[in-house]
Structures are given as C-alpha cells and as structure tokens.
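1. Predicted model, plus sequence, below.
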Amino acid sequence: MNTQESLVPVLNIIGPVGIGKSSTADAISEILEYDYSLPHAVVDLDHVRRAFPPPSEDTFNMELGFKNLAAVWNNYRSVGAKCLIIPSVMESKEHLDKMRNSVPGADIFVVRLVASLEVNHARIRGREKTIDSLNWHLQRSTQLAKELAQKKLEQAIVDTENKSPSDIGREIIGKWGIVEWHGRGDT
C-alpha cells in the first residue's frame, strides 16, 4: 500500500447480490473499531444510491451513488475517518474511476467475495420478501457472478462459504494490510 499522506485507503468489497458484502463490511468495521481503534467509515454504496424511480439512462442509480459517496466521505473525513470501507457491486473499471473521483486520494483495494451459486441463492432466499424480488435477485446474482469472474477487477478473492462474517472480515483485513498501514503512523 502506498503510504503518501494524501492517500485514503479504500476497501471496496464486491461480489454478486446476496454474497455477504454488507455483512462483511459491518464485521470489518467492528474489528477495526474494537480490536485496533482504527478511525474509519463504512458507506454502503447500494444504500446511498437507493432511490426510485432511477433515471432511464442509469437504471442502478450509480451516478447518484457516486455523488452521495463524495458528500458522505467529506463528512466522515471531517470527523477523523482515516480509511473507508465500501461494499458495493462494482461492474467496471469506469465505476472504480468514479469512486476515485468521489474520494480524492483513494487507494482502492478491491476484494471479490465468492461462494457457490447454491450457497449464494440460499442466502438470497433467506432475505428477499417478495417473489418478484426473489426472482430478480436470483437471476442477477447468477449474472454478476459470471461477469465479475471474467472482469477480474479485484486484487484478492475471498471464499465466503462456511465462514462467519467475522472470519471473512479478518481474512480481508489481512489481505488489505490496513492494520500495518495504520500501525506505521500513516494516519
């Protein structure tokens, strides 16, 4: 990890819908807070772009999400956050570039979460409340798992099967190197 003072370590947790991105981000946040006292923020990009109806040219509200990320990051930074955790479906290098524009100085480390489709679909079945939403999410998770595997946007892959969010979080923290970065006094 580059240690220039202006850099902001950003962990982008990607993967198909239902894979555990948000749960993992929450676990990482708790570990960084309680085990390392590392000042940080979590911005679930899926949440900050949730608005209906989306514009026809941006059906997933990505532009809104990046605008909101910029505003929210400025607020977190002003109260001392030193790094940022962003769970979100990132589908392209263009989206990563927009994330960099939203978080000036972003040093982005991308981790892709994976699991078998059976496990991923079981997780989705446990959370979706309507049949239409369930069917859409099952189809979308299958599509995204294939697309993300082909695009290889990540620096690391973490298998989430048979692991708790805390175990996944600790594995990611080790791969990200944020504890060592923080320990050097770069924050």
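-> Thanks, I have the structure now.

2. drop to CA atoms for contacts and neighbour counts, all remaining ones
-> Noted.

3. got the contact list for Val158?
-> Counting by CA atoms under 8 Å, 6 or more residues apart in numbering, Val158 touches 111-114, 168, 171-172.

4. Wait, a strand at it?
-> Yes - Val158: assigned to a strand according to DSSP: H, G, I helix; E, B strand; the rest coil.

5. Counting neighbours, which of the contacts of Val158 comes out on top?
-> Using other CA atoms under 10 Å as the neighbour test, the contacts of Val158 are led by Arg112, with 26 neighbours.

6. what's the following helix or strand after whatever helix or strand that residue lives in?
-> Arg112 belongs to strand 106-114 when assigned by DSSP states H and E. With elements assigned by DSSP H and E, the helix or strand that comes after strand 106-114 is helix 117-125.

7. For that following helix, give me every contacting residue.
-> By CA under 8 Å, 6+ apart, the residues outside helix 117-125 that reach it are 17-19, 134, 137-138, 141-142, 161.

8. among those residues, which two are most distant?
-> Leu134 and Glu161 (20.7 Å; CA to CA).

9. Could you verify my assumption that Ser22 touches Pro87?
-> Yes - using CA atoms under 8 Å, Ser22 is in contact with Pro87, at 5.7 Å.

10. Please enumerate the shared neighbours of those two.
-> Here Ser22 and Pro87 share the contacting residues Asp44, scored by CA under 8 Å, 6+ apart.

11. tell me the helices in this structure, going along the chain?
-> Using DSSP state H, the helices assigned to the chain run over residues 21-34, 45-48, 62-78, 93-102, 117-125, 131-151, 165-176, 178-183.

12. buried set for the fifth one?
-> Going back to what we said before, that points to helix 117-125. 119-121, 123-125 (16 or more other CA atoms under 10 Å).

13. Please apply the same query to the first one.
-> Residues 21-32 are the ones in helix 21-34 that count as buried (16+ other CA under 10 Å).

14. which residues touch that helix?
-> Contacts of helix 21-34 (CA under 8 Å, 6+ apart): 13-15, 38-42, 44, 85-88, 113, 165-166, 168-170, 173.

15. Just the CA atoms of it, as PDB, please.
-> Extracted in PDB, the C-alpha atoms of helix 21-34 (Å, rounded to 0.1, in the frame of the first residue of the first chain):
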ATOM      1  CA  LYS A  21     -20.800  -7.700   1.100                       C
ATOM      2  CA  SER A  22     -22.700  -5.600   3.700                       C
ATOM      3  CA  SER A  23     -22.500  -8.200   6.500                       C
ATOM      4  CA  THR A  24     -18.700  -8.400   5.900                       C
ATOM      5  CA  ALA A  25     -18.300  -4.600   5.900                       C
ATOM      6  CA  ASP A  26     -20.100  -4.500   9.200                       C
ATOM      7  CA  ALA A  27     -17.900  -7.200  10.600                       C
ATOM      8  CA  ILE A  28     -14.700  -5.400   9.400                       C
ATOM      9  CA  SER A  29     -15.900  -2.100  10.900                       C
ATOM     10  CA  GLU A  30     -16.400  -3.800  14.300                       C
ATOM     11  CA  ILE A  31     -13.000  -5.400  14.100                       C
ATOM     12  CA  LEU A  32     -11.300  -2.200  13.200                       C
ATOM     13  CA  GLU A  33     -13.100  -0.400  16.000                       C
ATOM     14  CA  TYR A  34     -12.800  -2.800  18.800                       C
END
